[in-house]
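In: quick check, what structure comes out for this input:
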Amino acid sequence: MTTAVFPGTFDPITNGHVDIVERALTFADRVIVLVAHNSSKAPLLDARTRVGLAEASLFHLDGVEVHTSEGLLVDACRELGADVIVKGLRGGSDFDAERPMALMNRAVGGIETVFIMGDSALAHVASSLVKDVARHGGRIDSFVPEAVATEVYAAVAAQ
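Out: The predicted model follows:
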């Protein structure tokens, strides 16, 4: 049984993230979406909300779990019994950002990272851009699952 951990802030989870989970299920029996705390980011949505939205967005997929973590990714992977880390790539800049982290995770924790090229139709979708569009009154329904759009609109209205 192969277990893959897909870490991210997921603030919010997007259709691009869902695509990566679906693709990871083609080689992993179990995919754990790890909602992580990133000290360099100030999330719009709290961790509990991000977990709930990930669960709601992925409920239709067998073999998917959602967990949280605040420590080192390699420690969480060890605790969860992960065989690999999964990262989605939209393009070259994502690879440039993810490569050093993948090398560090291998050096520190001995765990490999598998890169999955996202659907080219979703290459422009990023959580930060989704939030920006929503903050300016734009429609985000085609970029995120329905429950996510509702929650993001409510969160930006409350700011």
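In: buried set for the lengthiest helix in the chain?
Out: Scanning the chain for the helix with the most residues, using DSSP state H, yields helix 92-109. Using 16 or more other CB atoms under 10 Å as the test for burial, helix 92-109 gives D94, E98, A102, N105, G109. Placement of C-beta: from N, CA and C, glycine included.
In: do stretch 11-30 as well
Out: Buried residues in stretch 11-30, counted by 16+ other CB under 10 Å: 11-25, 28, 30.
In: now do the end-to-end distance for that stretch.
Out: Start-to-end span of stretch 11-30 (CA to CA, to the nearest Å) is 22 Å.
In: so how far is that stretch from its chain's centroid?
Out: Offset of stretch 11-30 from its chain centre (CA atoms, centre = their mean, to the nearest Å): 8 Å.
In: what of stretch 99-114?
Out: A distance of 17 Å separates the centroid of the chain from that of stretch 99-114, by CA atoms, centre = their mean.
In: oh, and call the first residue 448 from now on, that's how I've got it
Out: New numbering, starting at 448: the last item is stretch 546-561.
In: and F542, how far from T461?
Out: According to CB to CB, to the nearest Å, F542 and T461 sit 19 Å apart.
In: what of V561?
Out: Using CB to CB, one gets 20 Å for the distance from V561 to T461.
In: repeat for G455
Out: Per CB to CB, G455 is found 10 Å from T461.
In: do the same with D530
Out: 25 Å.
In: also V498?
Out: 15 Å.
In: the helices in this protein, which residues?
Out: Going by DSSP H, the chain shows helices at 462-471, 494-505, 520-527, 539-556, 574-582, 593-605.
In: hey, C-alpha coordinates of the second one in CSV?
Out: So that's helix 494-505. Taking Å, rounded to 0.1, in the frame of the first residue of the first chain, the C-alpha atoms of helix 494-505 are listed here in CSV:
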residue,chain,number,x,y,z
ALA,A,494,-7.0,25.9,9.9
ARG,A,495,-10.3,24.3,11.0
THR,A,496,-12.1,25.9,8.0
ARG,A,497,-9.4,24.9,5.6
VAL,A,498,-9.6,21.3,6.8
GLY,A,499,-13.4,21.3,6.5
LEU,A,500,-13.3,22.7,3.0
ALA,A,501,-10.7,20.2,1.9
GLU,A,502,-12.8,17.3,3.3
ALA,A,503,-15.9,18.7,1.6
SER,A,504,-14.0,19.1,-1.7
LEU,A,505,-12.5,15.6,-1.7
